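Undergrad: Compute the structure for the input listed below.
(one chain, ligands or ions: 1)
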Amino acid sequence: MLSSRYSGRRTSLLYKAIQMFLLRYLEKTMCSSRQETSTSISNITMHLIGSEGLKRKMIGFMNRTTREHLRWKASEGAFNLRHAVSTLIVSYITPQMISNLKPETEAKLIDNFMAFNIEWFQSPFALSTWKNLFKVLRARKEAAKIINVALERRKDSILEKQGDFLDTLLEEMKKEGSIFDQASIVNLLLNIGVVSRDTTSHATALTVDFISKNPRVLTELQREHEAIVQKRDDKEAGLSWEEYKDCMPFTRMVIYESLRLANLGTIIFRKAVKDVVIKGKLEVKRYTIPAGWIVAVAPSVVHYNAEIYENPLEFNPWRWEGKDLRSPGSKTLMVFGGGARQCVGSDLARLHLAIFLHHFVTTYDFSVVQECEIYRVPFPCFTKDLHINISPKSPS
Ligand code: HEM
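TA: Presented below is the predicted three-dimensional model:
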């Protein structure tokens, strides 16, 4: 499952060219510039989990939403885990971005975020592909309209601030020389909805898939999380910030190991701002990357390197024992990118995974109905999604 294979599907050059074109096109409609996105998304993570008060508010909200989603899924029979988590992520990201939408408008925005994807792409020759492309573009347009209306209202509003991400962006926009205008704010909000949904839902599905194949890991996870619940005064309370920070070393190891194996950030790009000399052990292995060159870094080369990770294709969370896992990455772990400019959603993604696993292993038993299968082109695509059944644990 982890190798770069095409899983038996015939992928013609034309097919790939058109798929890449559509992806690029959708990307362009989503995000006007990488600089804007990154500067301002730094604010969302600051906004979402920056201050102590906000952390507590956010974690409480994520707990409630996760619990409700799992309860709802438990009553439904077998379900597609990645899709379920996509809805979950969008449900808690959307009100953090714009908090004062009417419930029906919020539901509409969530539906549009969910419809704005590329999963429908089957073949350039299938009429359904083009019909679906039309639906996706319509979803994008409707989502943009809802955000625009909310933004207009907020701009003119004399009411108290809502304390959401839209407020933060409007403050940025009003600053002298701001890189934001109304259009870039709308693009940014659309972008966050989609980026956070896809990366995090892929990561969650793959983590559960790895765990399902490793009963020893599941047992250890259950032990860690049940111990957390046992120590709590209010057994119904969700995970607290302190528990997240201090009481789940094994969960952190599982998250890092899953992300290392999943390799969701397949390629990252960097530009050499000056000549960079790469020092190999042997003279012949030394070379210089000239200033101005753009370099594509493939983190999987590091993540699957047997000199760094013993049995690199094995899912073994214990390999992280005793290592500092507070930072999102290092030279040997680039799941969220590398250097000063890394994924700005990494804190949020790790928090989500911890909360999800907490509710998942303490409240439910699960069984796999369909194993997941991915192929890489080079981005990981699911040819088969993980389908599971969950049922509430019987009280012990
Ligand atoms: C498990 C989940 C995730 C993974 C594996 C992941 C991975 C990555 C990687 C590898 C990069 C490239 C960083 C680099 O160039 O060094 C990146 C960038 C980025 N990620 Fe994530 N990400 C995840 C979740 C999220 C979430 C939840 C958000 C939004 C809240 C987000 C927003 C972004 C943005 C905006 C960038 C571009 C940053 C920039 O251009 O400076 N990501 N992510």
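Undergrad: can you give me the helices for the stretch 101-250 of the chain?
TA: 103-115, 127-156, 165-174, 182-212, 215-231, 241-246, 249-262 (DSSP state H, counting those that start in this stretch).
Undergrad: Is the first one in proximity to the ligand?
TA: Pointing back at helix 103-115 there. No - applying C-beta under 6 Å from any ligand atom, one finds helix 103-115 separated from the ligand by no less than 12.6 Å. Every C-beta, even on glycine, is put in place using the N, C-alpha and C of the backbone.
Undergrad: And the average pLDDT for that helix is what?
TA: Helix 103-115 carries an average pLDDT of 93.
Undergrad: Name the residues of that helix that come out as buried.
TA: Within helix 103-115, the residues scored as buried using 16 or more other C-beta atoms under 10 Å are 106, 108, 109, 110, 112, 113, 114, 115.
Undergrad: and which of the residues you listed is nearest the ligand?
TA: Checking these against the ligand with C-beta to the nearest ligand atom, the nearest one is residue 113 at 12.6 Å.
Undergrad: how far away is the residue nearest to that closest one when sequence neighbours are not counted from residue 100?
TA: Leaving aside its sequence neighbours, residue 113 sits nearest to residue 193 (C-beta to C-beta, 6 or more residues apart in numbering; 4.2 Å). Distance, residue 193 to residue 100, by C-beta to C-beta, to the nearest Å: 17 Å.
Undergrad: One more: residue 135?
TA: 28 Å.
Undergrad: again with residue 205
TA: Distance from residue 205 to residue 100, by C-beta to C-beta: 32 Å.
Undergrad: neighbour count winner among those two?
TA: Neighbours were counted for residue 205 and for residue 100 using other C-beta atoms under 10 Å; residue 205 has more, 24 against 15.
Undergrad: Make sure that one is actually in contact with residue 385.
TA: Yes - Residue 205 is within contact range of residue 385, at 6.9 Å (criterion: C-beta atoms under 8 Å).
Undergrad: show me the contacts for the nearest residue to residue 207 once chain neighbours are set aside.
TA: Leaving aside its sequence neighbours, residue 207 sits nearest to residue 258 (C-beta to C-beta, 6+ apart; 4.0 Å). Residues in contact with residue 258 (C-beta atoms under 8 Å, 6 or more residues apart in numbering) are 203, 206, 207, 210, 315, 353.
Undergrad: let's go with 6 Å and repeat that
TA: Going by C-beta atoms under 6 Å, 6 or more residues apart in numbering, residue 258 touches 206, 207, 210.
Undergrad: Next, format those as TSV and append distance to the ligand.
TA: Converted to TSV, those look like this (distance: C-beta to the nearest ligand atom, whole Å):
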residue	distance to the ligand
206	9
207	9
210	14
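Undergrad: got a winner among the residues you listed for most neighbours?
TA: residue 206 (26 neighbours).
Undergrad: How about that one: what's its closest non-neighbour residue?
TA: residue 262 (4.3 Å).
Undergrad: Do you have the helices of the stretch 251-396 of the chain handy? List them.
TA: Under DSSP H, counting those that start in this stretch, the stretch 251-396 of the chain gives helices at 299-303, 346-363.
Undergrad: give me every residue that touches residue 241.
TA: Contacts of residue 241 by C-beta under 6 Å, 6+ apart are 55, 56, 59.
Undergrad: element containing the first one, please.
TA: Secondary structure here is read from DSSP states H and E; on that basis residue 55 sits in helix 52-74.
Undergrad: what residues does that helix touch?
TA: With C-beta under 6 Å, 6+ apart, helix 52-74 has contacts from 48-49, 79, 84, 88, 91-92, 238-239, 241, 355-356, 359, 390.
Undergrad: pLDDT value on the residue nearest to residue 113, please?
TA: The predicted local confidence for residue 193 is 87.
Undergrad: quick thing: my sequence starts at 758, can you match it?
TA: Done: numbering now begins at 758, and the last item shifts to residue 950.
Undergrad: okay but it is in contact with residue 868, surely?
TA: No - contact criterion C-beta atoms under 6 Å: residue 950 and residue 868 do not qualify, at 11.5 Å.
Undergrad: Give me every residue in the stretch 1008-1153 of the chain lying close to the ligand.
TA: 1016, 1021-1022, 1025, 1092-1095, 1098-1102, 1105-1106.
Undergrad: Next step: those residues restricted to strands.
TA: Among those, DSSP state E puts residue 1025 in strands.
Undergrad: Give me the buried entries from the residues of the stretch 1008-1153 of the chain next to the ligand.
TA: By 16+ other C-beta under 10 Å, those give 1016, 1021-1022, 1025, 1092-1095, 1099-1102, 1105-1106 as buried.
Undergrad: a markdown table for those residues, including distance to residue 1125 and pLDDT?
TA: Listed next are those as a markdown table, based on distance: C-beta to C-beta, whole Å; pLDDT from 0 to 100:
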| residue | distance to residue 1125 | pLDDT |
| --- | --- | --- |
| 1016 | 21 | 96 |
| 1021 | 21 | 92 |
| 1022 | 26 | 88 |
| 1025 | 32 | 90 |
| 1092 | 24 | 93 |
| 1093 | 28 | 92 |
| 1094 | 31 | 90 |
| 1095 | 34 | 84 |
| 1099 | 33 | 84 |
| 1100 | 29 | 87 |
| 1101 | 33 | 82 |
| 1102 | 28 | 86 |
| 1105 | 27 | 89 |
| 1106 | 23 | 93 |
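Undergrad: Would you format the contacts of helix 809-831 as CSV with pLDDT included?
TA: Converted to CSV, those look like this (pLDDT from 0 to 100):
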residue, pLDDT
805, 50
806, 50
836, 95
841, 95
845, 95
848, 92
849, 86
995, 86
996, 92
998, 90
1112, 96
1113, 97
1116, 96
1147, 95
